[in-house]
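[1] Sequence plus the predicted model coming up.
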Amino acid sequence: MMTRNLESRCILCMRKAVERQYCEYHYEALQSLKGHYEAWKKSYGEISWIEYLNRLQKISHTGKWVKQVIEIELKNEQKKR
């Protein structure tokens, strides 16, 4: 009998998922986003999670993996509405 490996994969790069739907690299990008969000709120006052993500997405120095995570997070926020 043949068994299939049902290991979950990152939805962005297909590496092994370690947390939620992300690999270690994309999950680290998500954690970085969350950590920096608190700093942005202190600097800019009240800024929503969605506005924060939208602003970061437009910044040219935002990393590729962070931008990939931002796209997924924005899609998840749209689904909640």
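    Sure thing, it's come through.

[2] From here on, just use CA atoms for contacts and neighbour counts.
    Noted.

[3] Quote the end-to-end distance of stretch 57-64.
    End-to-end distance for stretch 57-64: 10 Å, by CA to CA, to the nearest Å.

[4] Next: stretch 47-64.
    Span of stretch 47-64 from end to end, CA to CA: 23 Å.

[5] for it, which positions count as buried?
    Within stretch 47-64, the residues that qualify as buried are 49, 52-53, 56-57, counting by 16 or more other CA atoms under 10 Å.

[6] Can you report how many residues lie near residue 46?
    Neighbour count of residue 46, defined by other CA atoms under 10 Å: 10.

[7] Contact partners for it?
    Counting by CA atoms under 8 Å, 6 or more residues apart in numbering, residue 46 touches no other residue.

[8] Tell me the secondary structure of it, please.
    Secondary structure state of residue 46, per DSSP: H, G, I helix; E, B strand; the rest coil, is coil.

[9] Name the helix or strand for the spatially most central residue of the chain, please.
    Nearest residue to the geometric centre of the chain (CA atoms, centre = their mean): residue 69, 3.0 Å. For residue 69, the element it lies in under DSSP states H and E is helix 64-80.

[10] That helix - what's its average pLDDT?
    Helix 64-80 shows an average pLDDT of 93 in the prediction.

[11] quick one on the thing from earlier: compute the distance between the residue nearest to the centre of the chain and residue 47, please.
    19 Å.
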